[in-house]
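Novice: Sequence and predicted structure are below.
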Amino acid sequence: MKKIVALLGDYYHSKEAIQASLNRALTILNENEKVNCIEIQTGQLIEELAKKPDAVILFKEDRVNPTDQKVDTWMTDEIGEAIAQYVDQGGGWLGWHSGLASYAAESSYTKMLKGYFEYHPELHYQVKYTSVIGNDEFGPVSFEIKDEHYFVNVNIEETNIFLKSESEVGQSIAGWFHDYGKGRVCCLTPAHNKEGLLDNHFTELLSKTIKWVSR
């Protein structure tokens, strides 16, 4: 049985909808292979990484209290370096939506991801997600949901772009993956709203990315 560790939810992202989305994806995975997913808190991460789970899923931004005058963050240099070492030694990592947000661009964590969230428009738009021709690791993808349209900065020369996003405000990269040492990293920008998180096309894609990082 594969073991997956998940850190879910933050100030702007309700844990309940994320859990429901993840559970749907895991149900799809469990049709073919047994997966055990445990949810932890940030303070438990280094301890859990030492147990070498098959993969870790992060849907949580770095800021703990983003609306306060003095903003605190949870990912210390020690934690970021522990994550990079865990993946380098063979672990799998899925940076999902806010798991790409507000982490320092020069941190060990962001360098491992090969990209990061830059901004999204204040309003939510109908965002169309489609697969990139030639990178069909996760199969053909085409769906549209109302979403935060994430715009990201990605080092395209050091990763593989498999998903793109488009709305009336522009186009961006929405998914990328690469090997990191002996391990695997995948980054996925959708979804923010409950409707999008529970979209069948999205949960199918999510299940495929989890399978890839945990293989």
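Specialist: Received, thanks.
Novice: So which residue is smack in the middle of this structure?
Specialist: Nearest to the mean C-alpha position of the chain, by C-alpha atoms, centre = their mean, lies residue 96 at 1.6 Å.
Novice: so who does the closest residue to that residue other than its chain neighbours touch?
Specialist: Counting by C-beta to C-beta, 6 or more residues apart in numbering, residue 96 lies nearest to residue 59, which is 4.5 Å off, once chain neighbours are set aside. (Each C-beta comes from the backbone N, C-alpha and C, glycine too.) Residues near residue 59 by C-beta atoms under 8 Å, 6 or more residues apart in numbering: 6-9, 13, 18, 96-99.
Novice: now do residue 116
Specialist: Residues in contact with residue 116 (C-beta under 8 Å, 6+ apart) are 100-101, 103, 105, 110, 152-153.
Novice: Among those, which has the minimum pLDDT value?
Specialist: pLDDT across the contacts of residue 116 is at its lowest for residue 105, which sits at 94.
Novice: quick check, that one in a helix?
Specialist: No: read with DSSP: H, G, I helix; E, B strand; the rest coil, residue 105 is coil and lies in no helix.
Novice: what about it, how many neighbours?
Specialist: 10 (other C-beta atoms under 10 Å).
Novice: In the sheet, which residues pair with the nearest residue to it once chain neighbours are set aside? Tell me.
Specialist: Spatial nearest neighbour of residue 105, excluding adjacent residues (C-beta to C-beta, 6+ apart): residue 116 at 6.0 Å. With DSSP bridges applied, residue 116 shows beta-bridge pairing to residue 153.
Novice: Look up how far residue 109 lies from residue 116.
Specialist: For residue 116, the distance to residue 109 (C-beta to C-beta, to the nearest Å) stands at 9 Å.
Novice: got it, and residue 33?
Specialist: Counting by C-beta to C-beta, the gap from residue 33 to residue 109 is 28 Å.
Novice: Looking at those two now, which is surrounded by more residues?
Specialist: Remark: of residue 33 and residue 109, residue 109 carries more neighbours, 24 against 11, as counted by other C-beta under 10 Å.
Novice: Name the SS class of the residue of the chain positioned farthest from its centre, please.
Specialist: Going by C-alpha atoms, centre = their mean, the residue of the chain most distant from its centre is residue 69, 27.4 Å out. Here residue 69 is recorded as coil under three-state DSSP.
Novice: Need the pLDDT of it.
Specialist: 96.
Novice: gap between it and residue 146?
Specialist: 32 Å.
Novice: Residue 150: what's its closest spatial neighbour, skipping adjacent residues?
Specialist: residue 189 (4.0 Å).
Novice: Thanks again, I'm all set now.
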